[in-house]
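Q: Kindly generate the corresponding structure for this input.
(chains A, B, C, D and E)
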Amino acid sequence: MAVSGLARLATSAPAAIYPVVGKDGLAAVEDLSLHPAVSLQPTPRHASVLLVSGEIRRGDHPALRRLHDQLPHPRATLWWRTTPAPGFPQAENVEGDVARAVELVWRQLMTGERRSEDNLLPDEPPAAWRGKGDHGQGGEGMMGGKPYGRPMAMTDEDQRDGLALDAYTACFGPFLSVLPPGLLLELTLQGDVVQSAKVLRAPFAQAVADEPLRRVARLLRPLGLAGAAERFQRTAAAQTGDLKILDRALRWSGALHAIPPGLGEIAGEDIRASLRRWWEQAQGIASPASLGDGRLVDLLPGLEWSEAILVANSFEYDRLLRLCPPDREDDGDQEDCS
Amino acid sequence: MVDLAGILISSIAALATGLALQGFGLGGLSSEPQKTPYLGGSDPKVHAWQRYHVRYYSMTLLFIAFEMEMMFMYPWAVVFLEEGVKAMVEMGMFLAILSIGILYGWREGIFRWQ
Amino acid sequence: MSAAVPIIVLFYVLGVGAWLAAALDRAALKLMAGRPLAAATMAEPWRQGDLHLVRQRIWTERPDAMNWLLAPALYLILAAVGMSVVPFAPGFVVADLDAGIVLWGACEALTVVVVFLHGWSANAPLPLIGAYRYVAIGLSAMLLSMFVLIAAALPAESLAVSAIVESQASVWNVVRQPPGLLLFLMLGLSLTLRGPFDYADASDLAGGTSAEDSGPARAAWQAARLAMLVSVSAMTSAVFLGGYHGPWLPGPVWMLVKMAGVLAALVGATHMLARLPPARMLTLLWTVLLPLAFLVLALVGAEVLLWK
Amino acid sequence: MTLAAVLIVSAALIGIGIYGALSQQSFVMLMMGLELMLNGVLLAVIGFWSFGLGGAPEGQLLAIVVMAVMAVEMAIGFALVVAVYRKRQADMTESLTTLRR
Amino acid sequence: MEVKDLAFFVLAASAVWTGWRVFRVDSMVRASFSLMLSFIAVGLIMLLLAAPYIGIATVFMMAVEMMVMALFMVMFMMNPAGLNPMWMVHQHRLAAATGFITFAALTIAVLLSDLPGNPVDPAKPVIHDLGVELLGNSMLIFETAGITLLATMVGTVILSSRSGRYGPADEGSLPPPLTPGGRPAGRVPEDEE
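A: Numbering: from 1, shown residues only, chains lettered A, B, ... in the order given. Take a look at the predicted model:
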């Protein structure tokens, strides 16, 4: 009884969405995030609706399935601006007013009219471990085996201070909310410092989502300025707005000072300079585009996590695509990530 | 004694609230694919628990030595007015000595990520 | 029986305060984002909280389940215990300890432990990174707050919070040490994982230590964070803003007004200030703000001796 | 609650500490044993102070000194662990045979 | 008085139990925080023993120290989370026997000896007395502690930091030569002479 009462109250809360952004889908999702009836979540654990926006690669389907299963019950999937890919049986296509569709699905989930979606992946651990090993935990000795289905990290050299502790190698992406959508990175971390990086898949091209104001917003979000970022996006979406307020928000927040100087420098332009340039472009001050090219994977090693995230979010989309040539010889590794 | 009992009762009430809040929710176990840690869709290769490379270990060591000064400062604060300039000078000396250590650490760059 | 009244009031203030803080937080976000403010903002925390309560809780692979379950509850305990030494009126306090600010310091230190445990328990990479970098900043910020609290204890000649409030009958500590108040507010942000000091549940880690929290676990953790925010605002009002002292209005009302003001300031700072990378913040804390805390202590000491 | 009871508790803590310090193979666990012994000492000091010394301030000061010893022991101990690990990747007492000479 | 005895009994039992758990849990984080709980229990016993400042300060200091302890435990122990249960002990029986004999001997000594009886007056301003002592008679202890802590701080930085005076410590950290291309300045290590 009490729970159903809570559920009724909860239906009036904004719908919690985890967006999966595909090709050309970013601007639409960013505009949707301005709608008061929805709230975009940084992780599937906080979300109820998985919203796929724009076409995604076949290779990303396993990742999408895993994300789908990571949502807590009750959950639902909506495909928007693309048709559901085969292999997603309970998917529903949305056309027209997506915010209303999300709201409706959300309410149906909460009231129990709509059944929560089942898992897409088999209910199996990553490796069989039950009953194996010295204590039935799947491991051997101190560090060996696969306790509870996964091996343990092993020591490796460190770039910075020479303490060879454990290196954590994992694929981040392709739909990690703090990275550009579609970007699949294999990072080796020691603590929170990136030791090596590989681009396994490039981010999706975004044809329309690249006004300077949106770029500024994307860089403000990892700095903890969600509110200001939303205001920048709103101005970009409406094509009009008071730039003075934005200027004040940008300056008073100290965002420029929070970005370390010299970070992500290509051809003499670091992130601070990029941010300044975008802001000038947004104000209509002519500012030459940066021509410098390089590779994202050369920028990341040696950076701390927060800096690496800033770097990954600090490029125009067309430029980012040029910076992310996938390492062809690593095709075999891609299987490991999904 | 009454004070301590008050704190004890408050703690128990807070503990009960914290645990009771987590008693809500849909029942049911998490399925295996649900359990996978969030990496944006990828499957982690290894457990996240590891010999984690703390990047500020020198700072923490300096910190536990420096923090001992608090033990001396609290009683000092209580008698400060009573003892006057003497208290000021003695604590000034004490803090000056410890500041040398902090300056040294700063020069060695221990407040950066190692 | 009369000893039970302050405890009931304590929890009442914690609960209502947490709700107010959540509503203020939503309002500040909307204000920054340029969304229209509606009266419904006040009800939003309830809806959001309920939303989490009716959903499934996910446990990751081989988590430290005991600590994951305990972390929000322990956080809540620290908020309640920290606030239990703060008087709302003369003599109206749960625990009038001689070593009140030391107890508050212990709560600060244990908060670092609890946040670390929360990030550690999930056995997942993003929460782990959040937990570890929070320890660096949390410990350093705590150190600074100890200095300003001691500076506040100097004129009172006591470590009891009630004595510190009494010592501000004529002049508030914020007048004696304005930078002290700022440093303590910073600590408040760090204790409640907010804004420029949010290194644990940060946006660049997709939620950090709470990235793997779902359903009621998330509700409990967020509630505990808000309760700690209320606790911090109570402590700040008592130690720096004269507690229940003030003209015209009755003492407890003054206390609540000041708490609301501190809440608003902390919530505003959350949404207005950018977060520095942890290494830069650590350097800033030790090389700029720690000397500042020393200076505050010396100035307050000199002032107290001269104008005694 | 008598002084004897407090001292027996502290003896138990010291006993467990000695067991830990002697039996553990890794440096860091060994230090836990030491800390636990000092924990017992701390309790004994305050027990004596409270029951036997009539609250003479020197007793409290001794407790603070014990705590300072703990902090120093921990800081230097861990610094040594870091230095040794950096040089030889060793974290167990047995791997340090070369220190014997 | 009954309540106080009960509280003492519960706290004493938890101090000993959590102290014992330190060496019995697999996860290093749990071990560290188990030790912290032991310290907290002891701190609370001190509150019962009319030592409000020392008791709470113990909780405060030990929370911080055990936090740092946990960082280092996880950093340097193989299998830090105890995913594979493990048992890393040597001379186990000897250690257990020594520990028990120590406990037994101390207990017998306590029970046989004539303990002093001069309880502290609960109304005594103990924090104030400590402050006066610190600035008066024991001033030298206080300042010596400062010097000791300074030495510790400098020592930890030297030992733990990689950047030596002339470069990374694990790569030799050699001073620059006095003449271009010459031998490094300073003392030459013995085994290279």
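Q: Could you check how far the residue nearest to C:Gly208 when sequence neighbours are not counted is from C:Asp204?
A: Excluding the flanking residues, the one nearest C:Gly208 by Cβ to Cβ, 6 or more residues apart in numbering or on different chains is C:Gly130, at 2.9 Å. C-beta coordinates here come from the backbone N, C-alpha and C atoms, glycine included. Here the criterion is Cβ to Cβ, to the nearest Å. By it, C:Gly130 lies 9 Å from C:Asp204.
Q: For chain C, give me its nearest residue in the stretch 151-300 of chain A.
A: Proximity to chain C, evaluated over the stretch 151-300 of chain A using Cβ to the nearest Cβ, is greatest for A:Gly227 at 2.7 Å.
Q: Would you tell me what helix or strand A:Gly227 is located in?
A: Using DSSP states H and E, A:Gly227 sits in helix A:226-238.
Q: Can the next helix or strand after that helix be said to contact chain C?
A: Note on helix A:226-238: by DSSP H and E, the next helix or strand toward the C-terminus is helix A:243-252. Yes: using Cβ under 8 Å from any Cβ of the partner chain, helix A:243-252 reaches chain C at A:Ile245, A:Ala249, A:Trp252.
Q: and A:Leu213, how many neighbours?
A: By other Cβ atoms under 10 Å in any protein chain shown, 23 other residues sit near A:Leu213.
Q: what ranges of chain D fall below the confidence cut-off?
A: D:89-101 (pLDDT under 70).
Q: how about the strands in chain B?
A: In order along the chain, chain B carries no strands (DSSP state E).
Q: Scan it for its longest helix.
A: helix B:85-107 (DSSP state H).
Q: Buried residues of it, list them for me.
A: B:87-88, B:90-91, B:94-95, B:97-98, B:101-102, B:104-106 (16 or more other Cβ atoms under 10 Å in any protein chain shown).
Q: Show me the domain layout of the chain.
A: The chain I'm using is chain A. What automatic domain parsing lists as the domains of chain A is A:2-111, A:132-165, A:167-338.
Q: Switch to chain E, please.
A: Using automatic domain parsing, chain E is parsed into the domains E:1-80, E:124-176.
Q: Of those domains, flag the one that's most buried.
A: Among the domains of chain E, domain E:1-80 has the highest mean neighbour count (mean count of other Cβ atoms under 10 Å in any protein chain shown), at a mean of 22.
Q: Would that one count as contacting chain C?
A: Yes: using Cβ under 8 Å from any Cβ, domain E:1-80 comes into contact with chain C via E:27, E:29-30, E:33, E:36, E:52-53, E:56-57, E:59-60, E:63-64, E:66-68, E:70-71.
Q: Show the pLDDT at the closest residue to chain E within the stretch 201-338 of chain A.
A: The stretch 201-338 of chain A approaches chain E most closely through A:Gly302 (14.7 Å), counting by Cβ to the nearest Cβ. With respect to pLDDT, A:Gly302 scores 87.
Q: Now do the helix or strand encompassing C:Ala151, average pLDDT.
A: Element membership of C:Ala151, judged by DSSP H and E, is helix C:125-156. For helix C:125-156, the mean per-residue pLDDT is 92.
Q: Same question for stretch C:270-285.
A: On average, stretch C:270-285 scores 90.
Q: In that stretch, which residues are buried?
A: Per 16+ other Cβ under 10 Å, stretch C:270-285 contains these buried residues: C:270-283, C:285.
Q: can you tell me if it touches chain A.
A: Yes: looking at stretch C:270-285 against chain A by Cβ under 8 Å from any Cβ, the contacts come from C:His271, C:Met272, C:Leu273, C:Ala274, C:Arg275, C:Leu276, C:Pro277, C:Pro278, C:Ala279, C:Arg280.
Q: Please identify the helix or strand for the first one.
A: Pointing back at C:His271 there. helix C:251-272.
Q: Leaving out sequence neighbours, find the closest residue to A:Leu121.
A: B:Pro33 (4.0 Å).
Q: okay, now the one you found: neighbour count?
A: 21.
Q: what does the one 5 residues further on give?
A: Other residues near B:Tyr38 number 28, with proximity taken as other Cβ under 10 Å.
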